[in-house]
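Enquirer: the following block contains a protein sequence and its predicted model.
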Protein chains: 2
Amino acid sequence: MFSPIGRYEFTIDAYLTDFRGRATLPMIGGFMLQAATKHADERGFGYSSMTSQQRVWVLSRMAIELFEYPKNDTSMIIKTWIVSVNRLFTERHFAFEDSDGKTIGYARSLWASIDLKTRKPTNLTELDGLSDYIYTEKECPIEGLSKISAMKDEYEKADEFIVKYSDVDINKHLNSMKYIEHFVDVFDIDMFKDKEITRIEINYISEGRYGSKLDILKREEEDSNFILEMKDGETSVCSTRIIWKQF
Amino acid sequence: MFSPIGRYEFTIDAYLTDFRGRATLPMIGGFMLQAATKHADERGFGYSSMTSQQRVWVLSRMAIELFEYPKNDTSMIIKTWIVSVNRLFTERHFAFEDSDGKTIGYARSLWASIDLKTRKPTNLTELDGLSDYIYTEKECPIEGLSKISAMKDEYEKADEFIVKYSDVDINKHLNSMKYIEHFVDVFDIDMFKDKEITRIEINYISEGRYGSKLDILKREEEDSNFILEMKDGETSVCSTRIIWKQF
(Lines give C-alpha, C1' and ligand atoms only; values in the text may rest on other atoms or scores of the structure.)
Protein backbone atom coordinates (compact mmCIF):
# COMPACT_ATOMS: atom_id res chain seq x y z
CA MET A 1 0.00 0.00 0.00
CA PHE A 2 1.18 3.48 -0.86
CA SER A 3 1.68 6.15 1.76
CA PRO A 4 -1.42 8.34 2.21
CA ILE A 5 0.58 11.41 1.19
CA GLY A 6 1.89 11.61 -2.34
CA ARG A 7 4.92 13.80 -3.02
CA TYR A 8 5.58 15.16 -6.51
CA GLU A 9 8.21 17.49 -7.83
CA PHE A 10 7.77 20.01 -10.64
CA THR A 11 10.27 22.25 -12.38
CA ILE A 12 9.49 25.92 -12.86
CA ASP A 13 10.71 26.24 -16.41
CA ALA A 14 12.08 29.69 -17.27
CA TYR A 15 10.31 29.85 -20.61
CA LEU A 16 6.93 29.09 -19.09
CA THR A 17 6.99 31.57 -16.20
CA ASP A 18 5.37 34.98 -16.26
CA PHE A 19 7.09 38.29 -16.99
CA ARG A 20 8.49 38.37 -13.42
CA GLY A 21 10.11 34.96 -13.85
CA ARG A 22 7.62 33.49 -11.37
CA ALA A 23 5.35 30.47 -11.67
CA THR A 24 1.82 31.52 -12.61
CA LEU A 25 -1.33 30.47 -10.82
CA PRO A 26 -2.63 28.48 -13.84
CA MET A 27 0.76 26.72 -13.97
CA ILE A 28 0.60 25.80 -10.28
CA GLY A 29 -3.02 24.73 -10.79
CA GLY A 30 -1.86 22.46 -13.62
CA PHE A 31 0.79 20.93 -11.33
CA MET A 32 -1.90 20.36 -8.67
CA LEU A 33 -4.04 18.50 -11.21
CA GLN A 34 -1.05 16.40 -12.22
CA ALA A 35 -0.22 15.64 -8.59
CA ALA A 36 -3.84 14.70 -7.83
CA THR A 37 -4.00 12.50 -10.92
CA LYS A 38 -0.79 10.64 -10.04
CA HIS A 39 -1.77 10.27 -6.39
CA ALA A 40 -5.13 8.78 -7.40
CA ASP A 41 -3.62 6.58 -10.16
CA GLU A 42 -1.04 5.06 -7.85
CA ARG A 43 -3.71 4.27 -5.27
CA GLY A 44 -6.21 2.66 -7.64
CA PHE A 45 -8.81 5.39 -8.10
CA GLY A 46 -7.24 7.33 -10.97
CA TYR A 47 -8.56 8.31 -14.34
CA SER A 48 -8.30 4.87 -16.03
CA SER A 49 -9.79 3.02 -13.09
CA MET A 50 -12.66 5.52 -12.96
CA THR A 51 -13.45 5.36 -16.69
CA SER A 52 -13.46 1.56 -16.54
CA GLN A 53 -16.32 2.06 -14.04
CA GLN A 54 -18.03 4.62 -16.33
CA ARG A 55 -17.10 7.42 -13.98
CA VAL A 56 -15.03 10.53 -14.08
CA TRP A 57 -13.70 12.92 -11.43
CA VAL A 58 -15.17 16.42 -11.45
CA LEU A 59 -13.62 19.29 -9.53
CA SER A 60 -16.26 21.17 -7.57
CA ARG A 61 -14.44 23.72 -5.40
CA MET A 62 -10.89 24.78 -4.81
CA ALA A 63 -8.98 27.26 -2.65
CA ILE A 64 -5.30 27.96 -3.15
CA GLU A 65 -3.13 30.11 -0.87
CA LEU A 66 0.42 31.04 -1.74
CA PHE A 67 2.78 32.92 0.56
CA GLU A 68 5.36 33.03 -2.20
CA TYR A 69 5.44 32.15 -5.90
CA PRO A 70 8.35 29.90 -6.91
CA LYS A 71 10.98 31.43 -9.17
CA ASN A 72 12.11 30.17 -12.56
CA ASP A 73 14.78 27.46 -12.63
CA THR A 74 13.74 26.13 -9.23
CA SER A 75 11.59 23.18 -8.23
CA MET A 76 8.33 23.03 -6.41
CA ILE A 77 7.18 20.09 -4.31
CA ILE A 78 3.47 19.33 -4.11
CA LYS A 79 2.22 17.01 -1.39
CA THR A 80 -1.36 15.84 -1.62
CA TRP A 81 -3.66 13.60 0.41
CA ILE A 82 -7.31 12.69 0.91
CA VAL A 83 -8.94 14.18 4.01
CA SER A 84 -12.52 12.99 3.88
CA VAL A 85 -14.99 11.01 1.82
CA ASN A 86 -18.77 11.09 1.91
CA ARG A 87 -21.44 9.97 -0.57
CA LEU A 88 -21.17 13.07 -2.75
CA PHE A 89 -17.75 14.56 -2.16
CA THR A 90 -14.17 13.84 -1.28
CA GLU A 91 -11.85 16.55 -0.02
CA ARG A 92 -8.22 16.58 -1.09
CA HIS A 93 -5.60 18.85 0.45
CA PHE A 94 -2.27 20.06 -0.86
CA ALA A 95 0.90 21.52 0.67
CA PHE A 96 3.48 23.36 -1.42
CA GLU A 97 7.20 23.54 -0.70
CA ASP A 98 10.04 25.28 -2.47
CA SER A 99 13.28 23.47 -3.33
CA ASP A 100 14.69 24.23 0.14
CA GLY A 101 11.77 22.48 1.82
CA LYS A 102 10.16 25.73 2.98
CA THR A 103 6.36 25.67 2.95
CA ILE A 104 5.12 28.24 0.45
CA GLY A 105 1.40 27.51 0.44
CA TYR A 106 -1.56 25.20 0.84
CA ALA A 107 -4.70 24.29 -1.07
CA ARG A 108 -7.97 22.52 -0.52
CA SER A 109 -10.16 20.92 -3.17
CA LEU A 110 -13.52 19.22 -3.29
CA TRP A 111 -14.26 16.53 -5.86
CA ALA A 112 -17.33 14.65 -6.98
CA SER A 113 -17.47 11.67 -9.31
CA ILE A 114 -20.11 11.61 -12.00
CA ASP A 115 -21.43 8.77 -14.12
CA LEU A 116 -20.19 9.21 -17.69
CA LYS A 117 -23.62 8.47 -19.17
CA THR A 118 -26.16 9.93 -16.77
CA ARG A 119 -23.80 12.80 -15.68
CA LYS A 120 -25.21 12.22 -12.18
CA PRO A 121 -23.09 11.95 -9.01
CA THR A 122 -22.03 8.45 -7.96
CA ASN A 123 -21.59 7.23 -4.38
CA LEU A 124 -17.99 7.83 -3.33
CA THR A 125 -18.20 5.72 -0.20
CA GLU A 126 -18.54 2.69 -2.50
CA LEU A 127 -15.46 3.54 -4.51
CA ASP A 128 -12.72 0.93 -4.06
CA GLY A 129 -9.68 2.12 -2.16
CA LEU A 130 -10.58 5.77 -1.72
CA SER A 131 -11.70 5.59 1.93
CA ASP A 132 -8.62 3.53 2.86
CA TYR A 133 -6.47 6.55 2.17
CA ILE A 134 -8.22 9.11 4.36
CA TYR A 135 -5.51 10.90 6.30
CA THR A 136 -6.22 13.53 8.92
CA GLU A 137 -2.84 13.84 10.62
CA LYS A 138 -1.39 16.52 8.37
CA GLU A 139 -2.57 20.09 8.80
CA CYS A 140 -3.70 22.42 6.06
CA PRO A 141 -3.96 25.73 7.91
CA ILE A 142 -5.97 27.81 5.46
CA GLU A 143 -9.61 28.81 5.41
CA GLY A 144 -12.05 26.22 4.13
CA LEU A 145 -14.03 25.91 0.93
CA SER A 146 -17.05 28.17 1.02
CA LYS A 147 -19.77 29.08 -1.40
CA ILE A 148 -19.30 32.30 -3.33
CA SER A 149 -22.70 33.95 -3.71
CA ALA A 150 -23.92 34.93 -7.16
CA MET A 151 -23.43 38.54 -8.21
CA LYS A 152 -26.46 40.71 -8.04
CA ASP A 153 -25.41 44.21 -8.83
CA GLU A 154 -22.53 46.65 -8.88
CA TYR A 155 -20.49 44.56 -11.25
CA GLU A 156 -18.77 45.46 -14.47
CA LYS A 157 -18.23 43.25 -17.48
CA ALA A 158 -14.50 42.61 -17.45
CA ASP A 159 -14.06 40.31 -20.43
CA GLU A 160 -15.70 37.83 -22.78
CA PHE A 161 -14.29 34.89 -24.71
CA ILE A 162 -15.40 31.96 -26.83
CA VAL A 163 -14.51 28.48 -25.56
CA LYS A 164 -12.06 27.03 -28.09
CA TYR A 165 -10.26 23.75 -28.82
CA SER A 166 -7.38 24.49 -26.39
CA ASP A 167 -9.81 25.40 -23.61
CA VAL A 168 -11.64 22.09 -23.47
CA ASP A 169 -10.69 18.89 -21.72
CA ILE A 170 -11.48 15.25 -22.31
CA ASN A 171 -15.11 15.88 -21.28
CA LYS A 172 -15.38 18.58 -24.01
CA HIS A 173 -15.86 21.18 -21.30
CA LEU A 174 -13.68 24.05 -20.20
CA ASN A 175 -10.58 22.63 -18.51
CA SER A 176 -10.50 23.46 -14.75
CA MET A 177 -7.21 25.31 -15.07
CA LYS A 178 -8.29 27.33 -18.07
CA TYR A 179 -10.93 28.93 -15.84
CA ILE A 180 -8.11 30.23 -13.65
CA GLU A 181 -6.22 31.49 -16.68
CA HIS A 182 -9.22 33.43 -17.98
CA PHE A 183 -9.94 34.87 -14.51
CA VAL A 184 -6.35 35.93 -13.86
CA ASP A 185 -6.11 37.56 -17.30
CA VAL A 186 -8.83 40.02 -16.32
CA PHE A 187 -6.30 41.93 -14.22
CA ASP A 188 -3.87 44.42 -15.70
CA ILE A 189 -0.30 43.19 -15.81
CA ASP A 190 0.77 46.20 -13.73
CA MET A 191 -1.01 44.73 -10.71
CA PHE A 192 1.50 41.85 -10.74
CA LYS A 193 4.38 44.31 -10.36
CA ASP A 194 3.89 45.08 -6.68
CA LYS A 195 1.09 42.73 -5.70
CA GLU A 196 0.54 39.00 -5.58
CA ILE A 197 -2.59 36.86 -5.60
CA THR A 198 -2.41 35.44 -2.11
CA ARG A 199 -5.67 33.46 -2.20
CA ILE A 200 -8.01 32.24 -4.92
CA GLU A 201 -11.26 30.40 -4.28
CA ILE A 202 -13.16 28.79 -7.12
CA ASN A 203 -16.64 27.33 -7.32
CA TYR A 204 -17.22 25.23 -10.42
CA ILE A 205 -20.95 25.49 -11.03
CA SER A 206 -21.87 24.30 -14.51
CA GLU A 207 -19.82 23.23 -17.49
CA GLY A 208 -18.33 25.72 -19.97
CA ARG A 209 -19.05 24.12 -23.32
CA TYR A 210 -17.09 24.30 -26.56
CA GLY A 211 -18.19 27.16 -28.79
CA SER A 212 -20.15 29.07 -26.18
CA LYS A 213 -19.41 32.72 -25.50
CA LEU A 214 -18.70 33.31 -21.83
CA ASP A 215 -18.82 36.68 -20.09
CA ILE A 216 -16.65 37.51 -17.10
CA LEU A 217 -18.24 39.87 -14.57
CA LYS A 218 -16.17 41.58 -11.92
CA ARG A 219 -16.85 43.31 -8.63
CA GLU A 220 -14.43 44.67 -6.04
CA GLU A 221 -15.80 43.42 -2.72
CA GLU A 222 -13.31 45.39 -0.73
CA ASP A 223 -9.86 46.76 -1.38
CA SER A 224 -7.76 44.12 -3.27
CA ASN A 225 -10.54 41.56 -2.91
CA PHE A 226 -12.42 40.71 -6.10
CA ILE A 227 -15.36 38.50 -7.00
CA LEU A 228 -15.49 37.33 -10.61
CA GLU A 229 -18.22 35.31 -12.25
CA MET A 230 -18.19 33.52 -15.58
CA LYS A 231 -21.59 33.37 -17.25
CA ASP A 232 -23.02 31.66 -20.30
CA GLY A 233 -25.98 33.96 -20.94
CA GLU A 234 -27.96 33.81 -17.68
CA THR A 235 -26.31 30.61 -16.49
CA SER A 236 -23.51 30.91 -13.97
CA VAL A 237 -20.60 28.69 -15.03
CA CYS A 238 -17.99 29.45 -12.40
CA SER A 239 -17.24 32.03 -9.77
CA THR A 240 -14.10 33.03 -7.97
CA ARG A 241 -12.82 35.23 -5.16
CA ILE A 242 -9.33 36.58 -5.75
CA ILE A 243 -7.42 38.28 -2.93
CA TRP A 244 -4.36 40.38 -3.67
CA LYS A 245 -1.64 41.36 -1.26
CA GLN A 246 1.14 43.91 -1.47
CA PHE A 247 4.58 42.30 -1.26
CA MET B 1 30.65 15.87 -19.81
CA PHE B 2 27.03 15.09 -20.57
CA SER B 3 26.00 13.02 -23.56
CA PRO B 4 25.16 15.21 -26.58
CA ILE B 5 21.61 13.84 -26.62
CA GLY B 6 19.35 14.68 -23.70
CA ARG B 7 16.45 12.35 -22.94
CA TYR B 8 13.43 13.63 -20.99
CA GLU B 9 10.17 11.96 -20.08
CA PHE B 10 6.80 13.67 -19.79
CA THR B 11 3.46 12.36 -18.61
CA ILE B 12 0.35 12.98 -20.68
CA ASP B 13 -1.98 13.89 -17.87
CA ALA B 14 -5.61 12.95 -18.51
CA TYR B 15 -6.98 16.24 -17.22
CA LEU B 16 -4.74 18.28 -19.49
CA THR B 17 -5.38 16.44 -22.77
CA ASP B 18 -7.85 17.55 -25.43
CA PHE B 19 -11.40 16.26 -25.90
CA ARG B 20 -10.04 13.15 -27.65
CA GLY B 21 -7.81 12.30 -24.70
CA ARG B 22 -4.74 13.12 -26.79
CA ALA B 23 -1.81 15.42 -26.05
CA THR B 24 -2.28 18.78 -27.75
CA LEU B 25 0.26 20.51 -29.94
CA PRO B 26 0.74 23.41 -27.45
CA MET B 27 1.30 20.80 -24.70
CA ILE B 28 3.94 18.98 -26.77
CA GLY B 29 5.46 22.36 -27.64
CA GLY B 30 5.66 23.13 -23.90
CA PHE B 31 7.41 19.79 -23.30
CA MET B 32 9.87 20.61 -26.10
CA LEU B 33 10.69 23.94 -24.43
CA GLN B 34 11.20 22.16 -21.11
CA ALA B 35 13.44 19.54 -22.73
CA ALA B 36 15.48 22.22 -24.53
CA THR B 37 15.82 24.23 -21.32
CA LYS B 38 17.00 21.21 -19.30
CA HIS B 39 19.37 20.06 -22.03
CA ALA B 40 20.94 23.53 -22.20
CA ASP B 41 21.03 23.95 -18.40
CA GLU B 42 22.80 20.64 -17.83
CA ARG B 43 25.41 21.53 -20.47
CA GLY B 44 26.18 25.03 -19.23
CA PHE B 45 24.32 27.23 -21.70
CA GLY B 46 20.90 27.36 -20.08
CA TYR B 47 18.73 30.23 -18.97
CA SER B 48 20.71 31.21 -15.84
CA SER B 49 24.08 30.98 -17.53
CA MET B 50 22.75 33.10 -20.42
CA THR B 51 21.25 35.82 -18.21
CA SER B 52 24.50 36.05 -16.24
CA GLN B 53 26.02 37.01 -19.61
CA GLN B 54 23.19 39.50 -20.34
CA ARG B 55 21.77 37.21 -22.99
CA VAL B 56 18.62 35.29 -23.60
CA TRP B 57 17.63 32.56 -26.05
CA VAL B 58 15.06 33.49 -28.67
CA LEU B 59 13.24 30.92 -30.77
CA SER B 60 13.32 31.89 -34.43
CA ARG B 61 11.82 28.98 -36.39
CA MET B 62 10.35 25.63 -35.60
CA ALA B 63 8.88 22.65 -37.47
CA ILE B 64 7.14 19.80 -35.67
CA GLU B 65 5.94 16.57 -37.32
CA LEU B 66 3.86 14.04 -35.48
CA PHE B 67 2.85 10.65 -36.87
CA GLU B 68 0.75 10.02 -33.80
CA TYR B 69 -0.37 12.06 -30.79
CA PRO B 70 0.27 10.37 -27.44
CA LYS B 71 -2.77 9.28 -25.45
CA ASN B 72 -3.68 10.30 -21.92
CA ASP B 73 -2.12 8.34 -19.07
CA THR B 74 0.93 7.44 -21.14
CA SER B 75 4.42 8.92 -21.25
CA MET B 76 6.25 10.65 -24.02
CA ILE B 77 10.03 10.68 -24.40
CA ILE B 78 11.67 13.72 -25.94
CA LYS B 79 15.25 13.46 -27.12
CA THR B 80 17.00 16.65 -28.11
CA TRP B 81 20.43 17.63 -29.38
CA ILE B 82 22.35 20.47 -31.03
CA VAL B 83 23.05 19.97 -34.74
CA SER B 84 24.87 23.12 -35.79
CA VAL B 85 26.11 26.47 -34.53
CA ASN B 86 27.03 29.56 -36.51
CA ARG B 87 27.39 33.23 -35.56
CA LEU B 88 23.67 33.96 -35.66
CA PHE B 89 21.87 30.68 -35.16
CA THR B 90 22.01 27.27 -33.60
CA GLU B 91 19.81 24.43 -34.79
CA ARG B 92 18.34 22.02 -32.26
CA HIS B 93 16.58 18.80 -33.26
CA PHE B 94 14.09 16.67 -31.37
CA ALA B 95 12.85 13.07 -31.64
CA PHE B 96 9.64 11.92 -29.95
CA GLU B 97 8.93 8.42 -28.69
CA ASP B 98 5.91 6.87 -27.06
CA SER B 99 6.20 4.80 -23.87
CA ASP B 100 6.94 1.65 -25.94
CA GLY B 101 9.93 3.33 -27.55
CA LYS B 102 8.20 3.75 -30.90
CA THR B 103 9.17 6.94 -32.75
CA ILE B 104 6.11 9.15 -33.09
CA GLY B 105 7.63 12.30 -34.52
CA TYR B 106 10.48 14.74 -34.98
CA ALA B 107 11.07 18.45 -34.76
CA ARG B 108 13.64 21.03 -35.78
CA SER B 109 14.17 24.41 -34.21
CA LEU B 110 16.38 27.42 -34.89
CA TRP B 111 17.51 29.67 -32.03
CA ALA B 112 19.30 32.99 -31.78
CA SER B 113 20.66 34.61 -28.65
CA ILE B 114 20.05 38.30 -28.11
CA ASP B 115 21.67 40.77 -25.78
CA LEU B 116 19.24 41.68 -23.00
CA LYS B 117 19.94 45.40 -23.31
CA THR B 118 20.57 46.07 -26.99
CA ARG B 119 18.15 43.29 -28.12
CA LYS B 120 20.70 42.56 -30.87
CA PRO B 121 21.99 39.10 -31.79
CA THR B 122 25.13 37.91 -30.04
CA ASN B 123 27.82 35.69 -31.57
CA LEU B 124 26.95 32.06 -30.82
CA THR B 125 30.32 30.68 -31.87
CA GLU B 126 31.79 32.47 -28.84
CA LEU B 127 29.30 30.93 -26.41
CA ASP B 128 31.03 28.63 -23.93
CA GLY B 129 30.23 24.96 -24.34
CA LEU B 130 27.62 25.17 -27.08
CA SER B 131 29.86 24.11 -30.00
CA ASP B 132 31.27 21.20 -27.98
CA TYR B 133 27.88 19.56 -28.08
CA ILE B 134 27.28 19.61 -31.84
CA TYR B 135 26.07 16.14 -32.77
CA THR B 136 25.35 15.09 -36.33
CA GLU B 137 25.09 11.31 -35.98
CA LYS B 138 21.39 11.14 -35.22
CA GLU B 139 18.92 11.59 -38.06
CA CYS B 140 15.90 13.86 -38.03
CA PRO B 141 14.14 12.78 -41.22
CA ILE B 142 11.68 15.64 -41.71
CA GLU B 143 11.74 18.60 -44.04
CA GLY B 144 13.86 21.56 -42.97
CA LEU B 145 13.01 24.98 -41.62
CA SER B 146 11.93 27.26 -44.44
CA LYS B 147 10.65 30.79 -44.66
CA ILE B 148 6.90 31.21 -44.89
CA SER B 149 6.20 34.10 -47.24
CA ALA B 150 3.96 36.94 -46.08
CA MET B 151 0.31 36.80 -47.08
CA LYS B 152 -0.67 39.07 -49.91
CA ASP B 153 -4.23 38.33 -50.77
CA GLU B 154 -7.01 35.78 -50.64
CA TYR B 155 -6.94 35.58 -46.90
CA GLU B 156 -9.71 35.83 -44.36
CA LYS B 157 -9.50 37.23 -40.87
CA ALA B 158 -9.88 34.16 -38.67
CA ASP B 159 -9.54 35.61 -35.18
CA GLU B 160 -8.23 38.45 -33.05
CA PHE B 161 -7.09 38.59 -29.45
CA ILE B 162 -5.44 40.89 -26.96
CA VAL B 163 -2.13 39.73 -25.46
CA LYS B 164 -2.77 39.19 -21.74
CA TYR B 165 -0.86 38.36 -18.56
CA SER B 166 -1.00 34.57 -19.18
CA ASP B 167 0.23 35.00 -22.75
CA VAL B 168 3.51 36.69 -21.94
CA ASP B 169 6.82 35.20 -20.90
CA ILE B 170 9.74 36.47 -18.89
CA ASN B 171 10.61 38.88 -21.73
CA LYS B 172 7.09 40.38 -21.51
CA HIS B 173 6.40 39.10 -24.99
CA LEU B 174 4.01 36.46 -26.23
CA ASN B 175 5.26 33.05 -25.04
CA SER B 176 6.42 30.85 -27.98
CA MET B 177 3.90 28.14 -27.14
CA LYS B 178 1.00 30.55 -26.77
CA TYR B 179 1.43 31.39 -30.46
CA ILE B 180 0.74 27.74 -31.25
CA GLU B 181 -2.29 27.72 -28.97
CA HIS B 182 -3.80 30.78 -30.65
CA PHE B 183 -3.10 29.35 -34.13
CA VAL B 184 -4.54 25.92 -33.36
CA ASP B 185 -7.66 27.49 -31.84
CA VAL B 186 -8.56 29.03 -35.19
CA PHE B 187 -9.74 25.61 -36.39
CA ASP B 188 -13.14 24.19 -35.56
CA ILE B 189 -13.05 21.38 -33.04
CA ASP B 190 -14.78 19.11 -35.56
CA MET B 191 -11.62 19.05 -37.68
CA PHE B 192 -9.88 17.21 -34.84
CA LYS B 193 -12.45 14.42 -35.01
CA ASP B 194 -11.14 12.74 -38.14
CA LYS B 195 -8.00 14.72 -38.91
CA GLU B 196 -4.72 15.39 -37.21
CA ILE B 197 -2.16 18.18 -37.57
CA THR B 198 0.70 16.23 -39.05
CA ARG B 199 3.13 19.14 -39.52
CA ILE B 200 3.36 22.68 -38.19
CA GLU B 201 6.02 25.19 -39.23
CA ILE B 202 6.42 28.46 -37.39
CA ASN B 203 8.41 31.59 -38.17
CA TYR B 204 8.75 33.93 -35.20
CA ILE B 205 9.16 37.36 -36.80
CA SER B 206 8.67 40.14 -34.26
CA GLU B 207 7.55 40.15 -30.65
CA GLY B 208 3.89 40.07 -29.60
CA ARG B 209 3.74 42.63 -26.81
CA TYR B 210 1.48 42.74 -23.76
CA GLY B 211 -1.72 44.67 -24.39
CA SER B 212 -1.53 44.71 -28.17
CA LYS B 213 -4.42 43.44 -30.27
CA LEU B 214 -3.24 40.78 -32.70
CA ASP B 215 -5.17 39.67 -35.79
CA ILE B 216 -4.91 36.16 -37.17
CA LEU B 217 -5.22 35.91 -40.96
CA LYS B 218 -5.86 32.59 -42.64
CA ARG B 219 -5.49 31.22 -46.14
CA GLU B 220 -5.95 27.66 -47.43
CA GLU B 221 -2.91 27.08 -49.67
CA GLU B 222 -4.20 23.76 -50.88
CA ASP B 223 -6.50 21.11 -49.45
CA SER B 224 -5.77 20.64 -45.69
CA ASN B 225 -2.77 22.95 -45.90
CA PHE B 226 -3.17 26.34 -44.23
CA ILE B 227 -1.05 29.45 -43.88
CA LEU B 228 -1.83 31.64 -40.86
CA GLU B 229 -0.29 34.97 -40.01
CA MET B 230 -0.46 36.93 -36.77
CA LYS B 231 -0.30 40.68 -37.26
CA ASP B 232 -0.03 43.68 -34.96
CA GLY B 233 -1.51 46.31 -37.28
CA GLU B 234 0.68 46.17 -40.38
CA THR B 235 3.55 44.41 -38.61
CA SER B 236 3.85 40.68 -39.06
CA VAL B 237 4.43 39.01 -35.69
CA CYS B 238 4.45 35.34 -36.57
CA SER B 239 3.44 33.05 -39.41
CA THR B 240 2.71 29.37 -39.60
CA ARG B 241 1.96 26.59 -42.06
CA ILE B 242 -0.33 23.89 -40.68
CA ILE B 243 -0.80 20.62 -42.55
CA TRP B 244 -3.69 18.32 -41.68
CA LYS B 245 -3.98 14.65 -42.50
CA GLN B 246 -6.90 12.23 -42.38
CA PHE B 247 -6.32 9.40 -39.94
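Expert: Nice, I can see it.

Enquirer: where exactly do the helices run in chain A?
Expert: Along chain A, the stretches classed as helices by DSSP state H are A:25-42, A:47-52, A:176-184, A:191-194.

Enquirer: quick one: those as JSON lines, columns for mean neighbour count, mean pLDDT and distance to chain B too.
Expert: Every residue, glycine included, has its C-beta placed from N, CA and C. Formatted as JSON lines, the helices of chain A follow (neighbours: other C-beta atoms under 10 Å in any protein chain shown; pLDDT from 0 to 100; distance: least, C-beta to the nearest C-beta, whole Å):
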{"stretch": "helix A:25-42", "mean neighbour count": "22", "mean pLDDT": "94", "distance to chain B": "5"}
{"stretch": "helix A:47-52", "mean neighbour count": "16", "mean pLDDT": "92", "distance to chain B": "4"}
{"stretch": "helix A:176-184", "mean neighbour count": "24", "mean pLDDT": "93", "distance to chain B": "5"}
{"stretch": "helix A:191-194", "mean neighbour count": "13", "mean pLDDT": "93", "distance to chain B": "7"}
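
Enquirer: which one of those helices lies closest to B:Leu228?
Expert: Distances from B:Leu228 to each of the helices of chain A were compared using C-beta to C-beta; the minimum, 21.6 Å, belongs to helix A:176-184.

Enquirer: list of residues touching the closest one?
Expert: A:24-26, A:29-30, A:33, A:59, A:62, A:159, A:161, A:166-167, A:169, A:197, A:200, A:202, A:204, A:208, A:214, A:216, A:228, A:230, A:238, A:240, A:242, B:15-16, B:165-166 (C-beta atoms under 8 Å, 6 or more residues apart in numbering or on different chains).

Enquirer: okay, the angle between that helix and helix A:25-42?
Expert: Between the direction of helix A:176-184 and that of helix A:25-42, the angle (axes from the mean of the first three to the mean of the last three C-alpha atoms, to 10 degrees) works out to 160 degrees.

Enquirer: and chain A, what are its domain boundaries?
Expert: With domains defined by the TED database, chain A comprises A:5-133, A:156-246.

Enquirer: B:Tyr106: which of the ones you listed is closest?
Expert: With respect to B:Tyr106, and counting by C-beta to C-beta, the nearest of the domains of chain A is domain A:5-133 at 20.6 Å.

Enquirer: distance between the ends of the closest one?
Expert: According to C-alpha to C-alpha, to the nearest Å, domain A:5-133 extends 9 Å from its N-terminal end residue to its C-terminal end residue.

Enquirer: ok, stretch A:85-96 next?
Expert: Length of stretch A:85-96, first residue to last, C-alpha to C-alpha: 22 Å.

Enquirer: can stretch A:236-247 be said to contact chain B?
Expert: No: using C-beta under 8 Å from any C-beta of the partner chain, we find that stretch A:236-247 stays clear of chain B, coming within 12.5 Å at best.

Enquirer: what residues does that stretch touch?
Expert: A:148, A:150-151, A:174, A:179-180, A:183-184, A:187, A:191, A:194-208, A:214, A:221, A:224-231.

Enquirer: for the domains of chain A, which one sits closest to B:Trp111?
Expert: For B:Trp111, the closest of the domains of chain A is domain A:5-133, at 11.3 Å, according to C-beta to C-beta.

Enquirer: returning to what we had before: I'd like the domains of chain A as TSV, with distance to B:Lys117 appended.
Expert: Compiled in TSV, the domains of chain A are given as follows (distance: least, C-beta to C-beta, whole Å):
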stretch	distance to B:Lys117
domain A:5-133	17
domain A:156-246	20
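
Enquirer: so which of those comes closest to B:Tyr8?
Expert: Distances from B:Tyr8 to each of the domains of chain A were compared by C-beta to C-beta, and the smallest falls on domain A:5-133, at 10.2 Å.

Enquirer: strands along chain A, start to end?
Expert: Using DSSP state E, the strands found in chain A span residues A:6-11, A:55-66, A:75-85, A:90-98, A:103-115, A:156-162, A:195-204, A:213-222, A:225-232, A:235-246.

Enquirer: right, and those strands - which one's nearest B:Glu139?
Expert: With C-beta to C-beta, the closest approach to B:Glu139 among the strands of chain A belongs to strand A:6-11: 28.9 Å.

Enquirer: what comes up buried for the closest one?
Expert: Neighbour counts over strand A:6-11 (16 or more other C-beta atoms under 10 Å in any protein chain shown) mark A:6, A:8, A:10-11 as buried.

Enquirer: for stretch A:4-24, same thing?
Expert: Within stretch A:4-24, the residues that qualify as buried are A:4-6, A:8, A:10-24, counting by 16+ other C-beta under 10 Å.

Enquirer: in CSV, list the buried residues of strand A:6-11 along with pLDDT and distance to chain B.
Expert: Converted to CSV, these look like this (pLDDT from 0 to 100; distance: C-beta to the nearest C-beta, whole Å):
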residue, pLDDT, distance to chain B
A:Gly6, 98, 14
A:Tyr8, 96, 10
A:Phe10, 93, 10
A:Thr11, 90, 7
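
Enquirer: of the domains of chain A, which approaches B:Asp100 most closely?
Expert: domain A:5-133 (16.9 Å).

Enquirer: distance between the closest one and the chain's centre?
Expert: Centroid displacement of domain A:5-133 relative to its chain, using C-alpha atoms, centre = their mean, to the nearest Å, is 8 Å.

Enquirer: make TSV out of the strands of chain A and add distance to A:Gly129.
Expert: Below are these laid out as TSV (distance: least, C-beta to C-beta, whole Å):
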stretch	distance to A:Gly129
strand A:6-11	14
strand A:55-66	13
strand A:75-85	10
strand A:90-98	12
strand A:103-115	13
strand A:156-162	39
strand A:195-204	24
strand A:213-222	36
strand A:225-232	34
strand A:235-246	30
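
Enquirer: wait, which of these is closest to A:Ile134?
Expert: Each of the strands of chain A was checked against A:Ile134 via C-beta to C-beta, and the shortest separation belongs to strand A:75-85, namely 5.5 Å.

Enquirer: list of residues touching that closest one?
Expert: A:4-12, A:23, A:28, A:31-32, A:35-36, A:39, A:70, A:90-99, A:101, A:104, A:124-125, A:127, A:130-131, A:133-136, A:138, A:140.

Enquirer: and the angle for it with helix A:25-42?
Expert: Using the same axes, to 10 degrees, one finds that strand A:75-85 and helix A:25-42 are set 60 degrees apart in direction.

Enquirer: quick one: buried residues of strand A:75-85?
Expert: Along strand A:75-85, the positions that meet the burial threshold by neighbour count (16+ other C-beta under 10 Å) are A:76-83, A:85.

Enquirer: repeat for stretch A:92-110
Expert: If you call a residue buried by 16+ other C-beta under 10 Å, then stretch A:92-110 has these buried ones: A:92-98, A:104-110.

Enquirer: quick one: end-to-end length of stretch A:9-18, please.
Expert: Taking C-alpha to C-alpha as the measure, stretch A:9-18 stretches 20 Å from start to finish.
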